[in-house]
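**Q** what's the 3D shape of this:
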Amino acid sequence: MANYAVDEKILHPWLPRHTEIDLWNNTCYVSLVGFMFVDTKVMGFKVPFHIDFEEVNLRFYVRHYDGNTWKRGVVFIKEIVPRPALTFVANTLYKENYETMPMRHSWTSSPEQITVEYQWKKKQWNTLRVMGESAPEIVRPGSEEEFITEHYWGYTRVGESKTSVYQVEHPTWRVYSTRDYFIDVDFEAVYGSAFAFLQSEQPRSVFLAEGSNIVVKGGEVL
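**A** Residues are numbered from 1 along each chain as shown. Below is the predicted model of the structure:
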């Protein structure tokens, strides 16, 4: 997870109705996130060739007040996957912004270090790589790591007046202290001119979080 501090005004075109930008320490974040779907099931069934696959997404953080409490969640600017069927279903049925690209990944570990890399190709290969300590640590309450990882709702802009929302369940993840990282991404080619400036920006933080079982629940429309 590579986290950039940005002016929240640039995110307003993607901001779903009934939500507002969620800040941490008065900072607006956009995160570049790479991960693997492993042993994936849809409605309890495994779909051949769509069980294990990479995803890289660019996302930001919002919250919605439902009358009783704030529900903190994420909005995806774009989600990149290697299978056209995933893109078709997500874009057609769920109004997400998926795009299919060639992708690859590598995970290596030693007693001292774990290295995780994700790559995706649009004109050229883009790379997100993190080298971390081999032993994970518990996320501290109130920390930046907690803010980035502890979002349990997904919000999608569906036109000017509607927002799709769904719930995500997973245990609190631990994180690996970052030793080093490497980011080589053509943000303009992949995400458009609005995010071209990230090409020359240094991330505010980069960290590696452990995965877990995740359940995505059926959604509703606000």
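**Q** quick check, residue 196 in a helix?
**A** Yes: membership of residue 196 in a helix is supported by DSSP: H, G, I helix; E, B strand; the rest coil.
**Q** next, count neighbours for the residue lying closest to it once chain neighbours are set aside.
**A** Closest residue to residue 196 in three dimensions, ignoring its sequence neighbours and counting by Cβ to Cβ, 6 or more residues apart in numbering: residue 188, at 3.7 Å. Where you see a C-beta, it was placed from the backbone N, CA and C, and this is true even at glycine. Burial measure for residue 188: 14 neighbouring residues, criterion other Cβ atoms under 10 Å.
**Q** what sits against residue 188?
**A** By Cβ atoms under 8 Å, 6 or more residues apart in numbering, the residues touching residue 188 are 195-196, 199.
**Q** tell me the SS of residue 189?
**A** Applying three-state DSSP to residue 189 yields a three-state assignment of helix.
**Q** in this protein, what helix or strand scores lowest on average pLDDT?
**A** Lowest by mean pLDDT, DSSP states H and E among the helices and strands of the chain is strand 215-216, with a mean of 68.
**Q** can you name the element that comes right after the longest helix along the chain?
**A** In the chain, ranked by residue count with DSSP state H as the criterion, the top helix is helix 84-93. In the C-terminal direction, the helix or strand that comes right after helix 84-93 (DSSP states H and E) is strand 98-100.
**Q** thinking again about what came up before, closest to residue 168 out of the contacts of residue 188?
**A** Proximity to residue 168 was ranked across the contacts of residue 188 by Cβ to Cβ; first place goes to residue 195, at 24.0 Å.
**Q** and the nearest residue to the closest one once chain neighbours are set aside, what does it touch?
**A** Taking Cβ to Cβ, 6+ apart, and ignoring the residues beside it in sequence, residue 195 has residue 187 as its nearest neighbour in space, at 4.7 Å. Contact analysis of residue 187 by Cβ under 8 Å, 6+ apart lists 195-199.
**Q** can you flag the buried ones in the residues you listed?
**A** Neighbour-count burial (16 or more other Cβ atoms under 10 Å) is assigned, among the contacts of residue 187, to 195, 198.
**Q** now the contacts of residue 187 as CSV including pLDDT?
**A** CSV is the format used below for those (pLDDT from 0 to 100):
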residue, pLDDT
195, 97
196, 97
197, 97
198, 97
199, 93
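**Q** for stretch 134-154, buried residues please.
**A** With burial defined by 16+ other Cβ under 10 Å, the residues of stretch 134-154 counted as buried are 136, 139, 144-145, 147-149, 151, 153-154.
**Q** since that was my last question, I'll sign off now.
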